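Chemist: Give me coordinates for this.
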Amino acid sequence: MKRNVSIQLGEGECIMELDSGSDDSIISSYELDRLWPNKKPKIFPLTFQLCDYQKSPIRIRGQIYVNVRYANFKGKLRLLIAESSRANLLGMEWFEPLGIKFVGVYRTEIDIEFVLEEFKDVFSEDLGSYKGPAISLSIDSKFPPISFKARNIPLAMRKKVGVAIDKLLDQGVLEPISNPKWSTPIVPIIKQSGEILICADYKVTINKAMKNHPFPIPSVNHILDNLADGKFFAKIDLAQAYLQLRIDDVSVEVQTIVTHRGAFKVNRLQFGVNVAPGLFQNFIEDLLKGIPGVLPYFDDVLIFAATEERLCNRSSVMCSLYYLRLVLERLSESGIRANKNKCIFKTKAVEFLGFVIDASEIHPSDSKVRAIHKASRPKNQTELQAFLGLLNFYHSFLKDKATIAEPLHRLLEKNAEWKWTSAHEKAFAAVKELLSSDSVLVPFNEKLPLILTCDASPYGVGYVLSHLMPDGREAPMESIHGHVSTQNGRSCACHRSSNLHHFCGWVCS
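Modeler: Coordinates of the predicted model:
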């Protein structure tokens, strides 16, 4: 199978066929005239006769030394000029400087940069723009337009907010508008990089009038359950996710924002619109539908394969990251851009949705574990709810959580007085220690037997779903623990047995 690569020669692009059977790289005289229509490189005579694979002489006009750019390489290389209109060939002499590795006689492995170079448009710093139809926001006509004045921006943030607005103006996302019917105040969000993300407080305006979008957001557990065959991974980060989707003219005006610099209509799907997550998830799943080993979750696209042979297309002479290439091809065709600096192109372990995933196990990410361990003592019910919410994200790793955290849950019961005691402090410290980066789960595997273990205590009910592994051990796959409130009764063993019976029935269903 022939494989072509786009190479920059001088100031122009040239498509060349990879040829491991030729030492020399060759272009035709026609290509020379196309690439250098005016001043051509100096042509030096060739001192030897070149023949093709049938031993027939090839008429060579001479050789030149040209500036070549490909992937991370930039430098001068020798290039032959053929008199005929034969294909442009990239020979073995260029393989090493360009990072192209030759393995054996019949198999050539290309560095990941080959794929990235082929789809370099996907990694352009320009804002992507979906080439398909514009998205339409469905507004209930019963709601009259709502307009707010701009909110005050703290002086320390005003300059950065201005920079963010200017960037969106340059990208065509924002456009000044006079006398808008709808106007929503902005909510500047400070990103980890220190840059400002312009969101809008649509909950006080259009979110009230927005018709629901029915597309369900996949649960994290559902995504993890699909990773049983994953041993090799890649991850694509979609740049400025929502802003790559155009919206129709009516939606543009409805999304209008108001700032300290005036009102702007928003030409792309905006952060803060309550249906935006469902719309984007629906879009990205439809876009990548049919590609094996792909799990998109908003602006992150996880790609996995059971073997390197599947991740790499080794049915052809050239080895490329096959599943990855299919994804990049689909993104390129649709006009969607990715952030190259945040992408991972080939790895045996990947962090995704707060978990570290490898060939056989799923771990909580170190950063999330540290955040839980460093959590400060809550000062009120709201802070306690936030802490338990963060902890519950990793509920499958937390054995006996309902029992250990029982004093904390008691503080959240209706009419409970907020009084932090030594019992709460002890429970708070103990429940944090339940989670560590050494905690592991295994992904669901339909080929392995399942074991369901249920139990009840005066404080809760729970189950652990495990796989019976080939070596005879039980490997936990998921667990859920339910808290039993005081109002529901804790002392009656029969009541606990009944709760457990219903709980197990729900799990099995």
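Chemist: could you pull out the strands for the stretch 301-450 of the chain?
Modeler: 318-319, 344-347, 350-352, 355-357, 362-364, 450-457 (DSSP state E, counting those that start in this stretch).
Chemist: can I get the ones you listed in JSON lines with distance to R3, mean neighbour count and mean pLDDT?
Modeler: In this view, the C-beta of every residue, glycine as well, is placed from N, C-alpha and C. Listed next are the strands of the stretch 301-450 of the chain as JSON lines, based on distance: least, C-beta to C-beta, whole Å; neighbours: other C-beta atoms under 10 Å; pLDDT from 0 to 100:
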{"stretch": "strand 318-319", "distance to R3": "4", "mean neighbour count": "21", "mean pLDDT": "34"}
{"stretch": "strand 344-347", "distance to R3": "18", "mean neighbour count": "15", "mean pLDDT": "84"}
{"stretch": "strand 350-352", "distance to R3": "27", "mean neighbour count": "19", "mean pLDDT": "89"}
{"stretch": "strand 355-357", "distance to R3": "31", "mean neighbour count": "21", "mean pLDDT": "87"}
{"stretch": "strand 362-364", "distance to R3": "36", "mean neighbour count": "20", "mean pLDDT": "85"}
{"stretch": "strand 450-457", "distance to R3": "45", "mean neighbour count": "15", "mean pLDDT": "73"}
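Chemist: Adding distance to L398, write those out as JSON lines.
Modeler: Output for the strands of the stretch 301-450 of the chain, formatted as JSON lines (distance: least, C-beta to C-beta, whole Å):
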{"stretch": "strand 318-319", "distance to L398": "42"}
{"stretch": "strand 344-347", "distance to L398": "28"}
{"stretch": "strand 350-352", "distance to L398": "20"}
{"stretch": "strand 355-357", "distance to L398": "14"}
{"stretch": "strand 362-364", "distance to L398": "10"}
{"stretch": "strand 450-457", "distance to L398": "14"}
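Chemist: and of those, who's closest to F271?
Modeler: strand 350-352 (21.6 Å; C-beta to C-beta).
Chemist: Spatially central residue for this protein, please.
Modeler: D300 (1.4 Å; C-alpha atoms, centre = their mean).
Chemist: So, low pLDDT: which residues of the protein?
Modeler: 1-2, 52-55, 85-86, 101-111, 307-321, 437-439, 455-463, 479-509 (pLDDT under 70).
Chemist: Now with 50, please.
Modeler: 1, 104-110, 314-320, 491, 500, 503, 506-507 (pLDDT under 50).
Chemist: How is it partitioned into domains?
Modeler: 3-98, 155-357, 361-508 (the TED database).
Chemist: right, so those: which one is the most enclosed?
Modeler: Mean neighbour count (mean count of other C-beta atoms under 10 Å) peaks for domain 155-357 among those, with a mean of 18.
Chemist: hang on, the earlier thing: need the contact list for the residue nearest to the centre of the chain.
Modeler: By C-beta atoms under 8 Å, 6 or more residues apart in numbering, the residues touching D300 are K235, I236, D237, L238, F352, L353.
Chemist: quick one on the thing from earlier: need the domains of the chain in JSON lines with distance to L116, can you?
Modeler: Converted to JSON lines, these look like this (distance: least, C-beta to C-beta, whole Å):
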{"stretch": "domain 3-98", "distance to L116": "7"}
{"stretch": "domain 155-357", "distance to L116": "7"}
{"stretch": "domain 361-508", "distance to L116": "26"}
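Chemist: Nearest to D140 among the ones you listed would be which one?
Modeler: Here domain 155-357 is closest among those (C-beta to C-beta), at 4.9 Å.
Chemist: any residues touching stretch 274-288, and which ones?
Modeler: Against stretch 274-288 from outside (C-beta under 8 Å, 6+ apart): 130, 135, 137-138, 202-203, 207, 210-218, 238, 241-242, 245, 269-270, 294, 296-299, 301, 327, 330-331, 334, 336.
Chemist: how about the CA coordinates for stretch 275-295, as PDB?
Modeler: The C-alpha trace of stretch 275-295 is given here as PDB (Å, rounded to 0.1, in the frame of the first residue of the first chain):
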ATOM      1  CA  VAL A 275     -28.600  23.000  27.200                       C
ATOM      2  CA  ALA A 276     -25.100  23.600  25.900                       C
ATOM      3  CA  PRO A 277     -23.600  20.400  27.600                       C
ATOM      4  CA  GLY A 278     -26.200  18.100  26.100                       C
ATOM      5  CA  LEU A 279     -26.000  19.800  22.700                       C
ATOM      6  CA  PHE A 280     -22.200  19.500  22.500                       C
ATOM      7  CA  GLN A 281     -22.200  15.900  23.800                       C
ATOM      8  CA  ASN A 282     -24.800  15.000  21.200                       C
ATOM      9  CA  PHE A 283     -22.700  16.700  18.500                       C
ATOM     10  CA  ILE A 284     -19.400  15.100  19.400                       C
ATOM     11  CA  GLU A 285     -20.900  11.600  19.700                       C
ATOM     12  CA  ASP A 286     -22.600  11.900  16.300                       C
ATOM     13  CA  LEU A 287     -19.400  13.200  14.700                       C
ATOM     14  CA  LEU A 288     -17.300  10.300  15.900                       C
ATOM     15  CA  LYS A 289     -20.000   7.600  15.600                       C
ATOM     16  CA  GLY A 290     -18.700   4.300  14.100                       C
ATOM     17  CA  ILE A 291     -15.100   4.800  15.000                       C
ATOM     18  CA  PRO A 292     -13.900   1.800  17.200                       C
ATOM     19  CA  GLY A 293     -12.500   2.500  20.600                       C
ATOM     20  CA  VAL A 294     -13.600   6.100  21.000                       C
ATOM     21  CA  LEU A 295     -15.300   7.500  24.100                       C
END
